[in-house]
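J.: Sequence first, then the predicted structure, then my questions.
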Amino acid sequence: MYEKILVPVDFTDKTIKALDVAKCIAKKTNAEIALIHVVKAALAVYMDELGIYKSKSKTGQKFLEEIIEQNERKMEKYMEKLESEGLKISYKLKIDSSPDKIAELVAEEGYDLTIVGNYEHQRFDEFLKKTHPERIAKLAQNPVITVNHTDETFSPNRILVPTNLEDDCTQKMNDLLAFAQKFESELQFVFVNTPANFHTTPQIRKRSRIWFEKHGLSGHQLHVYNTKQLQKGLLNAADFYESDMIALFSKHSESLRDLIKGNITEYLITRSDIPVMTFNLNQA
């Protein structure tokens, strides 16, 4: 199912959260865990023809080598621990000045799954109001799992799947179904009904029948959760249905409204107590 799982590493508690979930999935799917750390360069750096990082400043070369050595030692500790647990591990160190380089690397390398730890409300760009995981989820064409809390026994028995009964998710639905089958998870499809976008029971019944048939979801049922506000309602629904994880088919927008207020994906990624798995519906 998954051959290579990427875990961005920053040597903080965020990494531990992501690795806890990655280990559970890797043991279940026999996947390799690929660790990657982006060293933020405070000086001009380039890569020579042998693939070795060099400083454009002669005086900065020694400092650069020391930084690389320090980070390699930290990474090797992770490697030793994970290998002792019988896991297949690899790692990369990248040097770049861009804070969102990890997101670009995920898109470029095409990993089967990315698992990223998060701190609530931590943002790399205060103006655009984007989190690292949201940026990664936007660029990655393969699934991304965001983890806000440590979960050493990750076992998603019940996965909440919000749907507006409009988006075409056929391209990614098989990925979710395969994941759920691997973990023997119950998929809890839910329509959050709000006053701002209210639908009557006959409307929901008709739209859900068409949407379920289109996505080949015979045997599944739709839950309707009535609430006042969509974003909080999604989290409340996950609590109400005792879900262990949220799976979100996500369309990323650069609209002014989303840039200022944020979108549903970002809201769930930063505020959910349970892991959030995003499937990017945007075309590459």
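T.: All right, it came through fine. Numbers count the residues shown, from 1 in each chain.
J.: Could you check how far residue 211 is from residue 282?
T.: Applying CB to CB, to the nearest Å, the value for residue 211 to residue 282 is 20 Å. Quick note: C-beta positions are derived from backbone N, CA and C, even for glycine.
J.: more crowded one of those two?
T.: residue 211 (20 against 12; other CB atoms under 10 Å).
J.: The residue nearest to the more buried one when sequence neighbours are not counted: what secondary structure?
T.: Spatial nearest neighbour of residue 211, excluding adjacent residues (CB to CB, 6 or more residues apart in numbering): residue 165 at 4.6 Å. Recorded secondary structure, residue 165: coil (DSSP: H, G, I helix; E, B strand; the rest coil).
J.: for the longest helix along the chain, packing partners?
T.: In the chain, taking DSSP state H as the definition, the longest helix is helix 61-84. If contacts are counted by 3 or more CB pairs under 8 Å, 6 or more residues apart in numbering; DSSP states H and E, helix 61-84 sits against helix 13-29, strand 32-40, strand 53-55, strand 88-96.
J.: Out of these, flag the one nearest residue 192.
T.: Closest approach to residue 192 among those (CB to CB): helix 13-29, 25.4 Å.
J.: contacting residues around the closest one?
T.: 1-2, 5, 7-9, 31-33, 78, 82, 85, 87-88, 113, 115-119, 145, 147-155, 182-183, 275 (CB atoms under 8 Å, 6 or more residues apart in numbering).
J.: Kindly export that helix (C-alpha atoms) in CSV.
T.: The C-alpha coordinates for helix 13-29 follow below in CSV (Å, rounded to 0.1, in the frame of the first residue of the first chain):
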residue,chain,number,x,y,z
ASP,A,13,8.2,17.2,20.1
LYS,A,14,6.5,17.6,16.8
THR,A,15,8.8,15.0,15.3
ILE,A,16,8.0,12.5,18.1
LYS,A,17,4.2,12.9,17.4
ALA,A,18,4.7,12.3,13.7
LEU,A,19,7.0,9.3,14.3
ASP,A,20,4.6,7.6,16.7
VAL,A,21,2.0,7.5,13.9
ALA,A,22,4.5,6.7,11.2
LYS,A,23,5.8,3.7,13.1
CYS,A,24,2.3,2.2,13.5
ILE,A,25,1.5,2.6,9.8
ALA,A,26,4.9,1.4,8.6
LYS,A,27,4.6,-1.8,10.7
LYS,A,28,1.2,-2.4,9.3
THR,A,29,2.2,-1.8,5.7
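J.: Okay, domains of this protein per the record?
T.: Structurally, the chain divides into domains by automatic domain parsing as follows: 4-147, 158-280.
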